Each structure stands twice: as structure tokens, then as C-alpha cells.
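Enquirer: sequence below, structure please.
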Amino acid sequence: IYRDNQFPVLTMIVPLLLLFALVAAQPVQHSDTVTVTVKEEKVSTPIPTNFAGHSLEVPDCPAMLGRHPQSPRKSFMNLLNNIREKSGEEWPTIRIGGNSADESWYNPDGKPNPKNVHYSITEADFKSYTAFSDQTFDSTNSKYRLRFIGDTDMNIAYNASLTVDYLLGLEKFLNGGKDWKKYFIGFEIGNEPDLFAGKFRPHDWDFKDYMKDTETYLKGIYSSVKTFPMGFMEGATWCCKHNWQDATSINTFTSAYKQYSVNFCEHKYPQNHCHGHPTSIDDLLADKSSTDYYKDFKTWAESTNGLELVLGESNSVACGGEDGVSNVMAAALWGVDWMFNLAAAGGKRINFHGGPSGWYAPITYKNAKDPNDTPQVHPIYYAMVAFSEAVANKSSVNKLESTTTNELIKTWGVAVPLPGGKTAYRVVVIHKDPKAVGSVKVVINSPLPDGTSDGTALVARLTAPSVDSKDGLSWAGQTWDGSKDGLPMGNRRLDHVKHEHNAWTFYVNKGDAALVYLPTVPAGEHMHNHQRHHRFHDHEWRRDGGDDQHDEHRGQHRHRRDH
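Expert: This next block holds a predicted model:
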């Protein structure tokens with residue numbers, strides 16, 4: 001503005017720019033090194049685009065969605081749509097259940113609650129579900145809408161009357177049963193029945209008794225609710241007893257009830273805060289809370305007689321989570337690793353439990369009764385977004401050969417299907433060691449399996465001030481801190497990593513994670529750098545923009561601030 005000050009200002013800026021360039025050129029201090037070679041071998045089937053879902057207690061679901069007669073809550077819808085846009089196709093599912101499922105009943109007439117029942121479901125709940133789902137459907141842009149997984153109570157032994165009454169009421173509401181699959185994927189029957197003994201059942205009640213109860217409930221449902229679809233049960237929903245979760249028990253259950261089941265469902269939390277049991281960030285980031293569960297997931301997935309494995313309810317720390325563990329950056333790092341272990345083992349979906357309150361909830365509201373209340377977006381939500389982008393467009397977990405100086409630095413490979421039968425590759429790095437001295441140097445060797453040995457890689461980063469940070473998180477330069485409408489704040493930012501010395505080399509700070517988009521330019525094809533980037537983006541970013549230029553059109557179908 002002040003032209004007479006122009007040159008004095010420049011004389012100050014130029015030395016500063018030179019100093020910055022010199023600093024930036026110095027090697028980053030690092031205490032560990034990870035070397036990665038990408039292999040041409042998929043280790044999972046394609047990952048569904050609705051892999052990362054949500055789970056809400058029965059009374060809390062209308063509060064999150066927007067309780068009828070209020071309009072659907074746009075901020076929550078936008079937050080779910082962020083995940084849908086990252087994954088590339090389907091909306092995340094919402095599972096309606098939890099402990100409250102066995103403590104709820106359909107009570108349209110306001111009758112006194114029976115024993116062990118504390119919440120009355122009415123038509124207003126049903127209207128909250130369908131109104132929210134209807135708002136997610138746009139016939140001009142997508143054939144998909146958000147759908148739910150229901151959960152019926154199982155608190156009365158050998159008597160399915162409460163479940164039947166609930167499903168009959170829902171059947172009537174859903175156009176005489178014509179719209180079951182329009183709004184629902186399936187239904188759990190009971191919540192974590194392996195814990196029923198001594199609560200809803202006698203102390204000696206066991207797995208054989210559960211199998212009899214399941215048969216009673218299924219007979220009651222299909223004899224009374226004539227339109228209830230066959231193959232609509234999310235089977236089992238066990239959580240805790242090892243002698244129910246072994247291969248024999250899973251095979252026994254799925255052999256008996258496969259024809260009634262849409263999938264096989266387990267619930268799992270690696271840590272717990274029940275009855276005041278303490279846990280810590282170190283506990284959550286340790287292999288015992290992620291990597292060590294891979295074998296269990298694999299056993300479950302291989303014992304289901306062909307049914308898909310889902311974690312119908314999951315999160316970091318059972319019984320509501322723990323402050324300073326479940327609601328900090330460490331939970332985001334854990335969440336990404338947890339989902340990759342599940343996907344690699346053959347799992348097809350996970351529903352993170354919680355909301356509109358709770359330490360482990362992905363999203364909360366301070367005043368859930370206010371439809372315009374500002375959402376509080378927590379670290380596990382960032383994990384859902386990051387993972388969904390990493391495995392977008394029905395990608396598969398891909399084999400890597402990795403060497404590391406630190407076992408708490410995890411690497412995962414992703415194979416991305418491209419037009420014409422080609423494959424692009426991504427690498428995810430998760431630095432889960434907050435006690436490391438410095439960052440990790442990551443070296444991804446070339447050539448890639450498709451022969452690519454040149455081009456620029458792009459890096460999206462999941463960052464926070466520290467692993468115990470509750471806010472200040474960002475994904476690819478964007479944050480949800482302070483977002484009133486659920487849309488990300490700030491410009492999307494990706495780092496560019498040049499190919500040098502037969503590798504792509506970059507650094508990841510301790511307590512951060514990174515997603516690397518590797519180029520897809522065949523070796524020996526000579527193009528200018530800008531042409532390489534266009535080739536890269538045309539294939540890899542057709543649904544989710546890469547840099548800011550390609551990102552500017554991504555929000556056009558969202559519920560914008562001015563709606």
C-alpha cells in the first residue's frame with residue numbers, strides 16, 4: 001500500500017526468506033526409520049464404502065438425528081456426509097442399540113414400563129429415523145441413503161413378546177412392511193447376551209440356553225411379523241466371554257441361523273473403564289489394544305460359514321470411555337490402526353458407539369435439545385475420516401514389506417482399483433509412540449508393483465499438538481474445531497514428496513499419522529511434472545479432490561451453511 005516503504009520492506013523479507021529456505025533444507029531430526037516396499041498382493045477383499053459407522057443408544061438416537069417434530073439435525077448429517085464423501089459412495093450406517101436396547105419397548109399408549117424397561121419407543125422415534133434418512137437421499141446424485149441397524153430387546157427369557165410388539169409397530173409405520181430395507185440393513189436381537197446370566201437370566205444360564213432363546217425369538221418374529229425379511233438378523237452381538245467367541249461357538253451359531261442372518265456381529269472394546277477400572281494412553285497405543293486383536297478378528301471372520309463379520313459396537317474404552325484417553329489424539333491413532341486390523345482380517349464394518357455425550361463419542365452436543373447447537377467433534381471422528389479416505393472406492397488392504405526401528409510405528413498398504421483393471425497404491429503410517437525422541441523417517445522404495453519409479457507422491461497428515469490433545473486436531477490441513485455446521489474449516493492441504501534416490505522419503509512426527517498417495521505414472525513414460533500430477537489426479541481423485549484446486553468442488557452436494 002505504502003509504495004515509499006516497498007524497498008525497505010523487501011530488504012527485510014529477502015534475508016528472512018533465505019533463512020527459512022536454509023532451515024527447511026536441513027534434515028529433520030528423527031529417532032526412527034521405517035522402510036517400505038509395496039508388494040503386488042492384496043490381503044483383504046474390497047472394503048465396503050460404509051465401513052466406518054456410528055452407534056447410538058436407543059434414547060439418544062432421536063436426540064442426535066433431530067427429535068420429531070424438529071427437522072433433521074444438519075450438522076450431524078454434514079459430519080456423516082464428510083465420511084461418505086471420503087469413502088466414495090455409501091453413507092455410514094447408524095446402529096440403534098446398546099444396553100438400552102434390552103431396556104426399551106414399543107409403548108405408543110404411554111403405559112407403565114414393565115420390569116427392567118426404562119425407555120418407551122413411540123412413533124416419534126420412527127419419524128426421527130426416517131426423516132433423517134430421507135434427507136440423505138438425493139435421486140439425482142446417488143442411489144444410496146443412510147440406513148440403520150436396529151436392535152430389539154431380549155430381556156425376557158423364552159418370550160419374544162416385547163420384540164414382536166416393537167417390530168409390529170415399526171412394520172405398520174414402514175408402509176405395512178414394504179420399506180424395511182429402504183431404511184434398515186438389519187436388526188440385532190438383544191445386546192451382548194453373553195452377559196445376561198445374573199442380570200436378565202439365572203446365574204447358570206449359558207450358551208446352550210442362549211441358542212434356545214434365539215430360536216424362540218426368531219419363531220416369534222417370523223410367525224407374527226409377516227413382512228419381516230428373511231436374512232435380516234445381525235447375529236450374536238456377543239462381547240466378552242471367550243468361550244462364546246471361539247471358532248466352535250461361532251460355527252455352531254452361524255450353522256444354525258445363517259438363513260436368518262445378514263451378517264455375524266461381535267462387539268469389542270480393547271480397554272475398559274467399568275467400575276472405575278483405570279486405563280491410560282500407553283495402554284491404548286500398545287499392541288494389546290490393536291495388533292493383538294488381529295488373530296481374534298481373523299478367527300471370527302473365518303468361522304462364520306460365509307457370513308460377513310461386523311463389529312456392531314466398538315470403541316476405545318468400554319463403559320463410556322475415559323477422560324484423557326478416549327477423547328484425545330491417541331484415540332484417533334488407535335482408531336485408524338484398529339480399523340486396519342479389522343479390515344485386514346476380513347471385517348466389513350465397525351460402528352463407533354457414543355453420542356450425544358460420552359468421553360469416547362465421535363460427536364457430541366452440549367445441548368442436544370437445541371437443533372442448532374454446535375457439534376463437538378472428537379478425535380475418533382478424525383480416525384473415521386482418515387480411514388475412510390485411505391480405503392476409498394472399495395480399496396483393499398495391500399501387502400507391504402516393512403522394516404522399522406520402532407514396533408509402535410505402524411504401516412499399512414492400500415490397493416486402489418482404477419479403470420482398465422489398473423491399480424494405484426497408498427501407504428498409511430501411524431506413529432503411536434509418544435515417548436520417541438523425534439519423528440520417523442519414512443522411505444518408500446521404488447519401483448511400485450505397476451512399474452512406477454518416478455512422479456510426486458502426495459501426503460495427507462493427521463496431526464495434533466500432542467497425543468493427549470483434545471482439540472487442535474487436523475486432517476489434511478482441515479479441522480472441525482469450532483465448525484457450527486459440521487463442515488471442515490480451512491483449506492485442504494497435502495504435502496508433495498518428490499521421488500529421489502529410488503524412493504519417496506518424508507517424515508512423520510511422533511503422535512501423528514500420514515496417508516501417502518503414490519503416483520501411478522508407468523516407468524519410462526516421459527512427462528513434465530504438471531502432466532504427472534494431472535495423470536495422478538484423474539485416476540486417484542475422481543471422487544475426493546487432492547490439492548486445493550481439485551478440492552474446491554467437493555462440497556457442492558452438502559447441506560451448506562446458507563440452507
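Enquirer: point out where this structure drops to low pLDDT.
Expert: 1-28, 140-142, 521-563 (pLDDT under 70).
Enquirer: for it, longest strand please?
Expert: Criterion DSSP state E: the longest strand present in the chain is strand 30-42.
Enquirer: got the contact list for it?
Expert: Outside strand 30-42, the residues that touch it by Cβ atoms under 8 Å, 6 or more residues apart in numbering are 396-406, 409, 411, 413, 415, 423, 425, 427, 429, 433, 436-445, 448-449, 507, 518. Bear in mind the C-beta positions are built from the backbone N, C-alpha and C, glycine included.
Enquirer: adjacent strands (with direction) for that strand?
Expert: strand 396-404 (antiparallel), strand 439-445 (parallel) (DSSP bridges).
Enquirer: all strands for the stretch 51-200 of the chain, in order.
Expert: Assigned by DSSP state E, counting those that start in this stretch, the stretch 51-200 of the chain shows strands spanning 52-56, 94-96, 104-106, 119-121, 148-152, 184-189.
Enquirer: hey, what's the closest residue to residue 169 other than its chain neighbours bridged with?
Expert: Excluding its sequence neighbours, the residue lying closest to residue 169 (Cβ to Cβ, 6 or more residues apart in numbering) is residue 106, at 4.4 Å. Going by DSSP bridges, residue 106 is paired in beta bridges with residue 121.
Enquirer: residue 106: what's it in contact with?
Expert: Residue 106 touches 120, 121, 122, 162, 165, 166, 168, 169, 170, counting by Cβ under 8 Å, 6+ apart.
Enquirer: could you identify which of those has the most neighbours?
Expert: For these, counting by other Cβ atoms under 10 Å, the largest number of neighbours falls to residue 170: 25 neighbours.
Enquirer: list the contacts of that residue.
Expert: Residues near residue 170 by Cβ under 8 Å, 6+ apart: 106, 126, 150.
Enquirer: list the buried residues for the longest strand of the chain?
Expert: Using 16 or more other Cβ atoms under 10 Å as the test for burial, strand 30-42 gives 30, 32, 34, 35, 36, 37, 38, 39, 42.
Enquirer: next up, phi/psi of residue 415, please.
Expert: Main-chain dihedrals, residue 415, degrees, to the nearest 10: phi -110, psi 130.
Enquirer: neighbours of it, how many?
Expert: 24.
Enquirer: what's the nearest residue to it if we skip its chain neighbours?
Expert: Nearest one to residue 415, counting by Cβ to Cβ, 6+ apart, is residue 398 at 3.9 Å.
Enquirer: can you check residue 159 too?
Expert: Closest to residue 159 by Cβ to Cβ, 6+ apart is residue 216, at 7.3 Å.
Enquirer: same thing with residue 158?
Expert: Take residue 158 and drop its neighbours on the chain: the residue closest to it by Cβ to Cβ, 6+ apart is residue 216, 4.9 Å away.
Enquirer: the one you found reaches residue 156, doesn't it?
Expert: No: using Cβ atoms under 8 Å, residue 216 makes no contact with residue 156, being 9.8 Å away.
Enquirer: pick out whichever of the two has more residues nearby.
Expert: Counted by other Cβ under 10 Å, residue 216 and residue 156 do not tie: residue 156 has more neighbours, with 20 against 16.
Enquirer: need the contact list for the residue nearest to that one when sequence neighbours are not counted.
Expert: The spatial neighbour of residue 156 that comes closest, neighbours along the chain excluded (Cβ to Cβ, 6+ apart), is residue 162 at 6.3 Å. Residue 162 makes contacts with 105, 106, 114, 117, 152, 153, 155, 156, as judged by Cβ under 8 Å, 6+ apart.
Enquirer: residues contacting residue 244?
Expert: Taking Cβ under 8 Å, 6+ apart, we find residue 244 in contact with 194, 207, 210, 238.
Enquirer: test my guess that the last one contacts residue 190.
Expert: No: checked against Cβ under 8 Å, the pair residue 238 and residue 190 is beyond contact range at 9.8 Å.
Enquirer: which residue sits closest to residue 310 in space, ignoring its chain neighbours?
Expert: Using Cβ to Cβ, 6+ apart, the closest residue to residue 310 is residue 349 (4.2 Å).
Enquirer: over to that neighbour. Which of the three states is it?
Expert: When classified by DSSP: H, G, I helix; E, B strand; the rest coil, residue 349 comes out as strand.
Enquirer: repeat for residue 230
Expert: Relying on three-state DSSP, one would call residue 230 coil.
Enquirer: turn the strands paired with strand 30-42 into a markdown table, including distance to residue 285 and mean neighbour count.
Expert: Below are these laid out as a markdown table (distance: least, Cβ to Cβ, whole Å; neighbours: other Cβ atoms under 10 Å):
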| stretch | distance to residue 285 | mean neighbour count |
| --- | --- | --- |
| strand 396-404 | 15 | 19 |
| strand 439-445 | 14 | 22 |
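Enquirer: out of those, flag the one nearest residue 293.
Expert: Closest to residue 293 of the strands paired with strand 30-42 is strand 396-404 (Cβ to Cβ; 15.1 Å).
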